[in-house]
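**Student:** sharing a model that was predicted from the sequence below.
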Amino acid sequence: MPNVNPMSGRCLCGEVSLTATPKSLHVGACHCDMCRQWGGGPLLAVECEESVQWFGEEKVAVFGSSDWAERGFCRECGTHLFYRLREGGHTAIPVGLFQECENWQLTEQVFIDRKPPFYSFAEQTRNLTGEALFALFSADEHSPDSTDH
């Protein structure tokens with residue numbers, strides 16, 4: 001897998017920007033109920049762990065969406081900025097925030113059991129149900145409910 005260089009992005013109004021180094025050029029789609037309610041469709045995001053540097057942080061609002069995760073958005077324009085775990089360093093950044101977009105590959109779909117029938121992706125991906133996803137993190141001390149991501 002090639003090294004991924006730092007990338008920059010910003011919200012719609014430009015009040016919040018970021019520099020991050022994604023773990024890879026792989027994009028994941030989350031079909032959980034909360035992601036679909038949050039954005040009207042699946043969340044298409046890349047994993048950046050803790051390598052995110054924010055500018056304009058005073059414009060970032062954070063919503064505690066569960067006991068283990070939170071979601072951030074711009075206070076001015078409402079752009080979705082991240083989904084992150086409160087512990088463990090996992091940060092997912094919506095891929096659309098990044099200006100660079102040529103080499104992304106959709107490689108994984110999670111909560112595939114929650115995906116509604118009115119859309120689908122053509123790419124061959126790794127597909128995980130909510131139960132399978134949480135089984136991967138079963139060593140973690142908290143075991144989230146599979147409907148609330």
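**Tutor:** Here it is on my side, so go on. Numbering: from 1, shown residues only.
**Student:** drop to CA atoms for contacts and neighbour counts, all remaining ones
**Tutor:** OK.
**Student:** how about the spatially most central residue of the chain, secondary structure?
**Tutor:** Centroid-nearest residue in the chain: residue 92, 3.3 Å away (criterion: C-alpha atoms, centre = their mean). Per DSSP: H, G, I helix; E, B strand; the rest coil, the secondary structure class of residue 92 is strand.
**Student:** state the distance from the closest residue to it other than its chain neighbours to residue 116.
**Tutor:** Distances taken as C-alpha to C-alpha, 6 or more residues apart in numbering put residue 47 closest to residue 92, at 4.6 Å, once the chain neighbours are dropped. Using C-alpha to C-alpha, to the nearest Å, residue 47 is found at 24 Å from residue 116.
**Student:** higher neighbour count, these two?
**Tutor:** Shown here are residue 47 and residue 116; by other C-alpha atoms under 10 Å, residue 47 has more neighbours (24 against 14).
**Student:** quick one: contacts for that one?
**Tutor:** By C-alpha atoms under 8 Å, 6 or more residues apart in numbering, the contact list for residue 47 reads 22, 23, 24, 27, 90, 91, 92, 93.
**Student:** between the residues you listed, which is closest to residue 75?
**Tutor:** Relative to residue 75, the closest of those is residue 93; by C-alpha to C-alpha it sits at 16.7 Å.
**Student:** how near is that closest one to residue 54?
**Tutor:** Distance, residue 93 to residue 54, by C-alpha to C-alpha: 12 Å.
**Student:** quick one: which of those two has more around it?
**Tutor:** Applying other C-alpha under 10 Å to residue 93 and residue 54 shows that residue 93 carries more neighbours, namely 27 against 17.
**Student:** now do the SS call for the residue nearest to the more buried one when sequence neighbours are not counted.
**Tutor:** Residue nearest to residue 93 in three dimensions, not counting chain neighbours: residue 82, with 4.7 Å by C-alpha to C-alpha, 6+ apart. Assigned with three-state DSSP, residue 82 falls in the strand class.
**Student:** that concludes my questions; thank you for your assistance.
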